[in-house]
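# sequence and predicted structure are below.
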Amino acid sequence: NNMAHERVGWPTQKPLELLEILVGACCPPDGTVLDPVCGSGTTLVAGAKLERRAIGFDLSAEAIELASTRLLAL
């Protein structure tokens, strides 16, 4: 599995490389990425890595904690 090293255990997690391509193509360098159901935060991580502002929220406290941990690790 080519994304095994980035797995965080969230069932709907997408590959970071895919989200980096989408964010890079769809969000201008001075833009803001919004993920209203952020789950593990992969979209937010992609936005941060590409130097976009990133806003995410989720109903799950576990998701928020996981996304926050991933963003702080950057």
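Thanks, I have it.
# all helices for the chain, in order.
Assignment of helices within the chain using DSSP state H yields the ranges 16-26, 42-49, 61-72.
# and the ones you listed: which comes nearest residue 9?
helix 61-72 (8.1 Å; CB to CB). Yep, even glycine has a C-beta here, placed from its N, CA and C like the rest.
# any stretches of this structure with poor pLDDT?
Applying pLDDT under 70 to the chain picks out residues 1-5.
# on that earlier part again, mind putting the helices of the chain in a markdown table, mean neighbour count and distance to residue 7 included?
What follows is the helices of the chain, written out as a markdown table (neighbours: other CB atoms under 10 Å; distance: least, CB to CB, whole Å):
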| stretch | mean neighbour count | distance to residue 7 |
| --- | --- | --- |
| helix 16-26 | 14 | 10 |
| helix 42-49 | 23 | 11 |
| helix 61-72 | 15 | 12 |
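# select, out of the ones you listed, the one closest to residue 10.
So among the helices of the chain, helix 61-72 is nearest, using CB to CB, at 6.6 Å.
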